[in-house]
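Asks: sequence and predicted structure, then a few things I'm wondering about:
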Amino acid sequence: MRRMRGTAGLLVLGLVGLGGLSACNGGEPKAEGPSAKHREGRSEVLRGLMASKETVDPKALKAAGADVKGAQPPAQEGTGGSGQPQRPMGWTAGRVSWVGDDELLFVDGHGLEQEVRVDEATRFKLGDENAQLHDLSEGDEIRVTYEDQGQEWVARDVEAVPVVKPPGPNPESPPLR
């Protein structure tokens, strides 16, 4: 009898243990096979492999190339925010030789005199401060960013470093002997 009780007790404990395991899985048996996310990942890899094995007919490529040669290139998407088409840009540096009402003459690093037109969109800096065209003077070193508009340059940014004059002699110092 004692043996029967022990066996019955083990049997009850086993059933309770299986019930606990079943409750951990939500009472549903475990799904077979990979998850949906795993299957999608494998499908993406397989699509990539298949795409790399696709072949293109060389004659079709040549025919498409001939069609494209005579076609106009697609229009540029943006204009830089101003509504104006973008123009070739460049920069140069030199020393101011003359300041006009709407132009600036300077001698570049090669010794050539350059002229650049300024307009209301031109930004000026003198040292670290914002400036105006009339704040520039002869001898100031400048760096000009410009748009090349065919026959003339139009300045977009002009950065100037004012001329630093060397200190003169101090009249109160004793003469050198």
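Replies: Noted; the coordinates are in hand.
Asks: what's near enough to touch Gly90?
Replies: 145-146, 148, 153 (CB atoms under 8 Å, 6 or more residues apart in numbering). (C-beta placed from N, C-alpha, C; glycine too.)
Asks: how about Pro34?
Replies: Counted by CB under 8 Å, 6+ apart, Pro34 has contacts Arg42.
Asks: repeat for Asp102
Replies: 117-119, 133.
Asks: how many neighbours does Tyr146 have?
Replies: Other residues within reach of Tyr146, judged by other CB atoms under 10 Å, total 23.
Asks: direction included, what does the helix or strand hosting it pair up with?
Replies: According to DSSP states H and E, Tyr146 maps onto strand 141-148. Here strand 141-148 is paired, per DSSP bridges, with strand 89-99 (antiparallel), strand 153-161 (antiparallel).
Asks: out of the contacts of Asp102, which is most surrounded?
Replies: Val118 (23 neighbours).
Asks: before we move on, back to that, of the strands paired with strand 141-148, which stretch is the most buried?
Replies: Across the strands paired with strand 141-148, averaging neighbours per residue (mean count of other CB atoms under 10 Å) puts strand 153-161 on top, at a mean of 19.
Asks: CA atoms of it as PDB?
Replies: This file holds the C-alpha atoms of strand 153-161, laid out as PDB (Å, rounded to 0.1, in the frame of the first residue of the first chain):
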ATOM      1  CA  TRP A 153      32.100  87.500 -61.600                       C
ATOM      2  CA  VAL A 154      29.400  88.300 -59.100                       C
ATOM      3  CA  ALA A 155      30.600  88.200 -55.500                       C
ATOM      4  CA  ARG A 156      28.600  86.100 -53.000                       C
ATOM      5  CA  ASP A 157      31.000  86.300 -50.000                       C
ATOM      6  CA  VAL A 158      33.800  88.800 -49.400                       C
ATOM      7  CA  GLU A 159      35.900  88.200 -46.300                       C
ATOM      8  CA  ALA A 160      38.400  91.000 -45.500                       C
ATOM      9  CA  VAL A 161      41.300  91.300 -43.200                       C
END
